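Enquirer: I need the structure of the sequence given here:
(2 chains)
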Amino acid sequence: MKEAEKVFIGGLKEELIEDKVIDESQLEPGLAEEIIKFGGKDVMTCLQCGNCTGVCPISLKIDYKTRNIIKCCQFGLKKYIFGTRWVCATCYRCYEHCPADLNPAEVMIALRHIAVREGIIPPFVKTAATNLVRYGQSVRPDEEIDKIRKELGLAVVHTHDEGFKSVIREIQVLVHASKYDKLIGIQEEIKV
Amino acid sequence: MAEPAKKDNDTVGKTSTKENHAGTSPKVGVFVCHCGSNIAGVVDCGKVRQEAEKLGGVVVAKENKYTCSDLGQEEIVKAIRENGIERVVVASCSPRLHEPTFRKCIERAGLNPYLLHMVNIREQCSWVHSHDKEKATQKATDLVKMGVSKAGMLQPLVAREVPVEPVSMVIGAGVAGIQAALDLANMGFKVYVVETQPSIGGKMAQLDKTFPTGDCAICILAPKMVELSRHPNITLLSYSDVEEVKGYIGSFEVKVRRKARFVHEDKCVGCGLCSEVCPVKVDNEFDLGFGQRKAIYVPFPQAVPLKYTVDKENCLHFKSGKCLLCVKACTNQAIDHKMQDEVLTLKVGTIIVATGYETYEPMRKGVYKYWEFDNVITGLELERLLNASGPTSGHLVKPSDGQAPKRVAFIQCVGSRNKKINRNYCSRVCCMYAIKNSQIIMEHEPETDIAVYYNDIRAFGKGFEELYHRVREEYGVEFIRGRPAKLTQDPTTKVITIRAEETLLNKITEREFDMVVLSTGLIPAPGSEKIGKILSLTVSPDGFFAEAHPKLRPVDTAMDGIYLAGCCQGPKDIPDSVAQAKAAASSAAAPMFARKVWIEPLTAVVDKELCVGCGLCTELCPYGAPELEPGEKGGMKAKVIEALCHGCGTCAASCPQKAIAPMQFTDAQIFSELEAALVEKRQNGKKRAEAGVS
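Expert: As a prediction, the model looks like this:
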């Protein structure tokens, strides 16, 4: 494409066309069934009343609209759904208020399952998984923390114990057996 | 079961060559219906017919595009006349739809109408198996086979005629009950109207104005109430409850308890002197706690009958044995604190149920803080506040301080369309009453800011959409699409902040209001469960009474002679309630004009030889049809009152002696169907077993 063609009424042509119109190719109507498969309720029952967004503690602070995500699930707009951040804290307030008896929090969990299976994994998930198989906990042991613990008279974190090695080993076997390592992409961390 | 066995030695056309292994069964005609493409689109009707032709006893097998059409019916008549068919099997839709049609059809041809058997290959086959045409065809073939087998065992029955008393009873005197009673009375029938409250008028009497025209509710209702009380054909039994209903269409026996109102209705002139001197003041239920009344009272000025009632709960005389100021004040000696309840037994031919509705009561610890914030009220409470004869003489004020609110919010769908509280239905009136009330508020106080929090606006009726537009455009009422999430109150100013997502803007909004009106939905009246049990009415999943057919029998119930009017059947606005009341009146009038009805003979029959008089059937029957009577040879024997029996079969299923069975559903008939369904499979099984042995 020539440089001149890209320019279109004061903006790039792609930029103007992209995302402004949702066409047939972006819709995946099977998403609702997929969500049910991963433990969510039927998103088609949602009437878009907006009660979930109103009660969501996250929605008040950042641009995150529970209702919008559910709507996108109805259409199967994966592109939009997978573009949102994993900020749902699963506090279940939305479930408490939902008049359609839908459980948006569980839909979010189901969506994460689907996203991971499609290879869309936020870096923090990978980090946490790596920590789990390395240290037996999702938070990495820290020298700084060890020092504070010592000052407070607390015992050393058990990940440093020699005896804990077998526990980590056990975790690794489980992670490998459940193919979680392959799913997240941390096979190299596990020596089986 | 002894069957009128007929030898199949008359040779009729094509069947003469066909093998007829039974040899003795009556001649059967099978008519397979295409129902356009409803059946034929899935089931291979040609194949079903061919298979039917091969069955024993089948003389004629035909297929039709529409068997219920004139042409299709003519074919049945022709087959009966020409081929001498004795039993007719129609494989088509549900018998609920066309059984009467085909019964009449074969009666026309000279056959007993009960020698018809309908095989449902539409609702129970083609519609539910559209994904597997081959198996659907197989199922239809099997069903026809079963039907033919049963048809051979059908017996001719005769419908029974019972007389109908030309007297009706209307239970509940809201606008629907009043209208139904007036219509029947104007047709010349005697009508008893039973109302549990001291005055008739129901919920409509509490309303301010009606949508969409803005007519004053009591102004259009009061003339009807007065007309009812003065009508020579109507006996009004106010402050009365229906206690027991026995009998069946044509001759119901109803026990009505006239609750003691401690005032003689014939002597009271409604002057109100008693009420003036009464020292007790309590909240008036009619004003939903906003206004007050005395312990001797009429609920509202236009009450009919305008007879005072003593509230036993609060009257000082009943508490302390003293007072009696009202007795001294009454110039007609109408008040009698020793009055007792009275039970009347009335004989009526038909009953119209118009027990109405109740409004949903918001939850105690709900999000909308109805019980916690003073200035959160319900829609019906707002009606009383706006009503010129209400506690505030029509001035809208905040309950917290008596000042007029500057900003008012309506919250829609409170107690409707909510799966959490099992109220899945739309209450149909809330959108419009919120719109109507916002218009009235704007007319009273044009400076008020009004916002309506809604999910969907349902302005479906005549003139409704126009009102919705007028309120938006002329009055500037704001409509916010979103369900409020949180209500908070300023403890000093009592200003309420509503947080909600404005879904059309995709933004969370927080707005302040002086008053919040919850548009509460409609739920079944509290007493309707009891009435439903007394009358054996069925209830829909939403809790309202179920009509016999949602489209074609909207005012009838499963009980013959009992009809529904108004909101007891489901939420309705006033025009719909009145329309349904008129329909119920005309439905109830039909048997009363004829003075007789034909009762289905498909009732349970008791074999006295087998019956041991255990009485299990009398306990289990939902209609109270069987009763025990002394047998000829001593001991008790069950007997079925045919007019009450619906042929449901509960008794037959429970009878330990197999002594009771509904006609056309005897054990022998049902087993013959099963036999037909299983015979081929059993043969196959045998073959397989033999093959295994060899």
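Enquirer: Near chain A, which residues of chain B? Just list them.
Expert: Counting by C-beta under 8 Å from any C-beta of the partner chain, the positions of chain B adjacent to chain A are B:367, B:413, B:417-420, B:455-456, B:481-486, B:499-503, B:506, B:508. For glycine as for every other residue, the C-beta is placed from the backbone atoms N, C-alpha and C.
Enquirer: among those, which ones are buried?
Expert: Taking 16 or more other C-beta atoms under 10 Å in any protein chain shown as the criterion, what is buried in those is B:367, B:413, B:417-418, B:455, B:481-486, B:499-503, B:508.
Enquirer: Helices - which of those land there?
Expert: Judged by DSSP state H, helices contain none of these.
Enquirer: and those residues, which of them are in strands?
Expert: B:Cys413, B:Arg481, B:Lys486, B:Arg499, B:Ala500, B:Glu501, B:Glu502, B:Ile508 (DSSP state E).
Enquirer: Could you provide these in CSV, with additional columns for pLDDT?
Expert: Listed next are those as CSV, based on pLDDT from 0 to 100:
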residue, pLDDT
B:Cys413, 95
B:Arg481, 96
B:Lys486, 94
B:Arg499, 95
B:Ala500, 95
B:Glu501, 94
B:Glu502, 94
B:Ile508, 94
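Enquirer: Name the nearest of those relative to chain A.
Expert: Nearest to chain A among these: B:Glu501, at 3.4 Å, using C-beta to the nearest C-beta.
Enquirer: hey, what's the closest one bridged with?
Expert: B:Ile508 (DSSP bridges).
Enquirer: That one is in contact with B:Lys507, isn't it?
Expert: Yes. Using C-beta atoms under 8 Å, B:Glu501 is in contact with B:Lys507, at 7.2 Å.
Enquirer: near chain B, which residues of chain A?
Expert: Close to chain B, as judged by C-beta under 8 Å from any C-beta, chain A has residues A:45, A:47-51, A:53-55, A:59-60, A:65, A:67-68, A:97-101.
Enquirer: now with 6 Å?
Expert: A:Leu47, A:Cys49, A:Gly50, A:Asn51, A:Thr53, A:Gly54, A:Val55, A:Pro99, A:Ala100, A:Asp101 (C-beta under 6 Å from any C-beta of the partner chain).
Enquirer: What is whatever helix or strand B:Ala581 lives in packed up against?
Expert: Counting by DSSP states H and E, the element that carries B:Ala581 is helix B:574-594. Packed against helix B:574-594 by the contact rule (3 or more C-beta pairs under 6 Å, 6 or more residues apart in numbering or on different chains; DSSP states H and E) you find helix B:175-186, strand B:350-353, strand B:562-564.
Enquirer: Can you lay out these as a markdown table showing mean pLDDT?
Expert: Output for the helices and strands packed on helix B:574-594, formatted as a markdown table (pLDDT from 0 to 100):
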| stretch | mean pLDDT |
| --- | --- |
| helix B:175-186 | 98 |
| strand B:350-353 | 98 |
| strand B:562-564 | 97 |
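Enquirer: Just put the ones you listed in CSV and tack on mean neighbour count.
Expert: Shown next, in CSV, are those (neighbours: other C-beta atoms under 10 Å in any protein chain shown):
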stretch, mean neighbour count
helix B:175-186, 28
strand B:350-353, 28
strand B:562-564, 28
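Enquirer: Would you format those as CSV with distance to B:Glu244 included?
Expert: Shown next, in CSV, are those (distance: least, C-beta to C-beta, whole Å):
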stretch, distance to B:Glu244
helix B:175-186, 20
strand B:350-353, 13
strand B:562-564, 14
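Enquirer: closest to B:Glu466 out of these?
Expert: For the helices and strands packed on helix B:574-594, the distance to B:Glu466 is smallest for helix B:175-186, at 23.1 Å, taking C-beta to C-beta.
Enquirer: Tell me where chain A has helices.
Expert: A:3-6, A:13-17, A:31-37, A:51-55, A:66-75, A:78-83, A:93-97, A:104-117, A:123-135, A:143-151, A:164-177, A:180-184.
Enquirer: Nothing else from me, thank you.
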